[in-house]
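# My questions are about this predicted structure, shown below with the sequence.
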Amino acid sequence: MHIVAIDQGTTSSRAIVFDDAGTIVAIGQREHEQIFPRAGWVEHDAAAIWDDIVAVIDEALAEAGIGNEDVAAVGITNQRETTMVWDRETGEPICNAIVWQDTRTQSLVDELAAEGGIRRFADVTGLPLATYFSASKIAWILDNVDGARERAENGELLFGTPDTWVLWNLTGGPDGGVHATDVTNASRTLLMDLRTLDWDDDLLEAFGVPRSMLPEIRSSSEVYGEAKGTALDGAPIASILGDQQAATFGQVAFDRGESKNTYGTGSFVIVNTGGEIVDSDNGLITTVAYRLGDEPPQYALEGSIAVTGSLIQWLRDNLGLFDEAPDVEKLALSVEDNGGVYIVPAFSGLFAPYWRPDARGAILGLTRFVNKGHIARAALEAVAFQTREVLDAVDADTGVGLQELRVDGGMVANDTLMQFQADVLGVPVVRPAVSETTALGAAYAAGLAVGVWEDLDALRAMWKEDVRWEPAIDEDERARLLARWRKAVTRTFDWVDDD
C-alpha cells in the first residue's frame, strides 16, 4: 500500500507518493504565482492553488502507476499562518490569500501591543504579537473586503490556513467538506489557547473574529474524512501538520531536546520540549509540535527566520546574478571568502530572535573590491548566521546544548552552505537519506492513524543518515565572524519610521 502526502507550500504545491518503507515513489509538483500588490504585501490565489492540488495528485498517481484503491491514507502539510477566507456555500475565496510573509497588518498589531506589549497574549498562545500570524490577517480581510464582516457574522464565511482549504475541498467542498484544522496549525493563529487546545473567546474578541468562521481543532493524526471528487476518491485523509512540525516529525524528532532546521523560503528551527510548555525569554515561539489521536500534545520551541531561500530567489529574480537557484553555490565558490560583506535579509523585518518589524534588509561592508561572488557567499552565510542566533536562543531558554543539527529542505543540497553552517555552529550538521522530510512527516502521521506503522519506534527505525558535515574552523574565527554578523544586524534597526 501507499501513502500520499499533499504538501501545499509557499512557492509550490506537491503530491508525493510514499511506500510503506517511507521511500518516495513519485512526485507531482506545480509552482504558483507570488503576488506582490504593493510593498509589504504578499498574496496567493487560493482557487489556483486548489487547481494545482488536483493536478499534482493526478500527476503523482500516474507516475506511481497506482489508483485510489492503492492508497492507504492521505496526509496534508502546509505553509502555516497564510490566511484564506471563502464562501461557505459556493467555495469561492472572497479575496486572495494573505501570505505569512505579509506585513500589511502592522498598524493593528501596534494598536494591540500598545496595551501589554508584543507579549500581551504570549501566556495563552505562546506567540508574540506580530503580522506573521493569522489573526490580524483575518481581521484585515473582514475590515477591508466589502461586506465581509457582515457576511462572517451571519455565518456565511469560513476561514482556514491552507491545510483547512485543502481538506475542505478534498472532502467535498460545498458538498459536505470537512472544516477542520490540527493543533499545530491552530497554534499559529494567535487565537488558540496552548493548554485547552481550543479557540479562546478573549482573543477572538480582541481581534474581532467570529467563532463561526473557525475550523474545528483536531489532532495531527486521525481520520478526518474521505476524499471525494478527485483521483484520491475514497481514500482516508488521516493527518494534518503545519510544514515545520511535519518536517520535525519526518526527522523523527519525537523526544524532548531533539531538533531540526528546515531551509525553505524561510528557515525554521524546532526543538521538542515534550509535554512541557516552555515560555521563551529569548525571542522564540512556543508552539505545538504534534498530537497523535487522543494522546497528550507534545510542545516545542521554534525560531522562525523569515528570509533564507527567498534571499537566493531575490538574487536570481531581482538582481539577475544567476539563472537557476542552485547556481548560487558555484558563484559563491568563485571567491575565497565573503570579502567583508554581510547581508541581513530583513525584507519583512526581522523574526526570531529579534522581532523587529522596523528593520529592513541591508548589504554592508561594500568596497570596490567586492564582486557578485562575494554577494552570493554573503547570502549563503546569512542563512547560517540566522540559524546560529536562533539556536543560541534555544540554548538560553532550555539549557540543553545542541549536539548536532538535523537539516532538511531545498537548500540542504548546497554543500557549501551546510559546511558553513557546521562551521558557524561548532557542531555537526546531518542530512537524512530522505530530504523531503516535510511530506514524509505528513505521510508518517497518516500511516500511524490507519495502522500502516505500529508506533513511533517503527518510524525511528526507518530514519537513515546521508551526509554529515563536521566543523572546520576554530573558535576564534567563529567568534570573529559572529561578531561581525551581529554588528551588521544592528545596522538594520529603526529603518521604518512612523510615516
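Nice, I can see it. Residues are numbered from 1 along each chain as shown.
# Most remote residue from the middle of the protein, which is it?
When distances to the mean C-alpha position of the chain are computed (CA atoms, centre = their mean), the maximum falls on Arg368, with 38.0 Å.
# For that one, give me the pLDDT.
Reported pLDDT at Arg368 in the predicted model: 95.
# ditto for Asp498
Looking at Asp498, its pLDDT reads 63.
# again, but for Gly340
94.
# my guess is Gly257 contacts Asn272, does it?
Yes: using CB atoms under 8 Å, Gly257 is in contact with Asn272, at 6.6 Å. For the C-beta atoms, the positions are set from N, CA and C on the backbone; glycine is no exception.
# Those two: which is more packed in?
Neighbours were counted for Gly257 and for Asn272 using other CB atoms under 10 Å; Asn272 has more, 20 against 15.
# if I look at His374, how far off is Leu482?
Counting by CB to CB, to the nearest Å, the gap from His374 to Leu482 is 19 Å.
# So the two - more neighbours on which side?
Ranked by neighbour count (other CB under 10 Å), His374 and Leu482 place His374 first, with 25 against 15.
# Could I get the phi/psi values of that one?
Dihedral angles of His374 (phi, psi; degrees, to the nearest 10) stand at phi -60, psi -40.
# ditto for Leu482
phi -70, psi -40.
# Wait, it touches Thr387, no?
No: between Leu482 and Thr387 there is no contact under CB under 8 Å: 11.8 Å.
# Mutual contacts of these two, please.
Residues touching both Leu482 and Thr387 (CB atoms under 8 Å, 6 or more residues apart in numbering): Val424.
# for the record, mean pLDDT for stretch 218-226?
Stretch 218-226 comes out at a mean pLDDT of 97.
# What lies in contact with it?
Contacts for stretch 218-226 (CB under 8 Å, 6+ apart): 73, 167, 171, 178, 180-184, 234-241, 245, 249, 290-295, 445-446, 448-450.
# Repeat that for stretch 359-379.
Residues contacting stretch 359-379 (CB under 8 Å, 6+ apart): 307, 311-312, 315, 321-322, 328, 331-335, 337-347, 349-350, 484, 488, 491-496.
# quick one: buried residues of it?
Under the neighbour-count criterion of 16 or more other CB atoms under 10 Å, stretch 359-379 has 359-365, 370, 372-379 buried.
# Just the CA atoms of it, as CSV, please.
Output of stretch 359-379 as CSV, limited to C-alpha atoms (Å, rounded to 0.1, in the frame of the first residue of the first chain):
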residue,chain,number,x,y,z
ALA,A,359,14.2,46.5,10.4
ARG,A,360,14.8,46.4,6.6
GLY,A,361,17.3,44.5,4.6
ALA,A,362,20.9,45.7,4.1
ILE,A,363,24.1,44.8,2.4
LEU,A,364,27.0,46.0,4.5
GLY,A,365,30.8,46.2,4.2
LEU,A,366,30.9,47.1,0.5
THR,A,367,34.2,48.2,-1.1
ARG,A,368,35.4,48.4,-4.7
PHE,A,369,37.0,45.0,-4.2
VAL,A,370,33.6,43.3,-3.8
ASN,A,371,32.1,41.4,-6.7
LYS,A,372,29.0,39.3,-7.2
GLY,A,373,30.7,36.2,-5.9
HIS,A,374,31.1,37.9,-2.5
ILE,A,375,27.4,38.9,-2.6
ALA,A,376,26.5,35.2,-3.3
ARG,A,377,28.7,33.9,-0.5
ALA,A,378,27.4,36.5,1.9
ALA,A,379,23.8,35.5,1.1
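# where exactly do the strands run in the stretch 51-200 of the chain?
For the stretch 51-200 of the chain, applying DSSP state E, counting those that start in this stretch gives strands covering 71-78, 84-87, 97-98, 157-160, 180-182, 192-193, 198-199.
# mind putting those in a markdown table, mean neighbour count included?
Below are the strands of the stretch 51-200 of the chain laid out as a markdown table (neighbours: other CB atoms under 10 Å):
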| stretch | mean neighbour count |
| --- | --- |
| strand 71-78 | 29 |
| strand 84-87 | 23 |
| strand 97-98 | 26 |
| strand 157-160 | 26 |
| strand 180-182 | 29 |
| strand 192-193 | 22 |
| strand 198-199 | 16 |
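# Tabulate the ones you listed (JSON lines), appending distance to Pro215 and mean pLDDT.
Output for the strands of the stretch 51-200 of the chain, formatted as JSON lines (distance: least, CB to CB, whole Å; pLDDT from 0 to 100):
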{"stretch": "strand 71-78", "distance to Pro215": "13", "mean pLDDT": "96"}
{"stretch": "strand 84-87", "distance to Pro215": "11", "mean pLDDT": "97"}
{"stretch": "strand 97-98", "distance to Pro215": "15", "mean pLDDT": "97"}
{"stretch": "strand 157-160", "distance to Pro215": "6", "mean pLDDT": "97"}
{"stretch": "strand 180-182", "distance to Pro215": "4", "mean pLDDT": "98"}
{"stretch": "strand 192-193", "distance to Pro215": "11", "mean pLDDT": "97"}
{"stretch": "strand 198-199", "distance to Pro215": "9", "mean pLDDT": "98"}
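# quick one: which of those is nearest Glu475?
strand 71-78 (38.1 Å; CB to CB).
# Would you mind pulling up the elements that the closest one packs against?
strand 2-8, helix 162-170, strand 236-242, helix 243-250, helix 437-450 (3 or more CB pairs under 8 Å, 6 or more residues apart in numbering; DSSP states H and E).
# measure the residue farthest from the centre of the chain to Gly361 for me?
Using CB to CB, we find Arg368 at a distance of 22 Å from Gly361.
# In terms of helices and strands, where is Asp323?
Using DSSP states H and E, no element contains Asp323; it sits outside every helix and strand.
# Do I have it right that it meets Lys330?
No: counting by CB under 8 Å, Asp323 sits too far from Lys330 to count as a contact (11.0 Å).
# For these two, indicate the residue with more neighbours.
Legend: neighbour count by other CB under 10 Å for Asp323 and Lys330, higher for Lys330 (13 against 8).
# got a list of what the more buried one touches?
Lys330 is in contact with Phe322, counting by CB under 8 Å, 6+ apart.
# For it, pull up the helix or strand it's in.
Take DSSP H and E as the rule and Lys330 turns out to sit in helix 327-332.
# That helix: what's the following helix or strand?
strand 342-344.
# What mean pLDDT does whichever helix or strand comes after that following strand get?
The element immediately downstream of strand 342-344 (helix or strand, assigned by DSSP H and E) is strand 362-364. Summarised as a single mean, pLDDT over strand 362-364 is 96.
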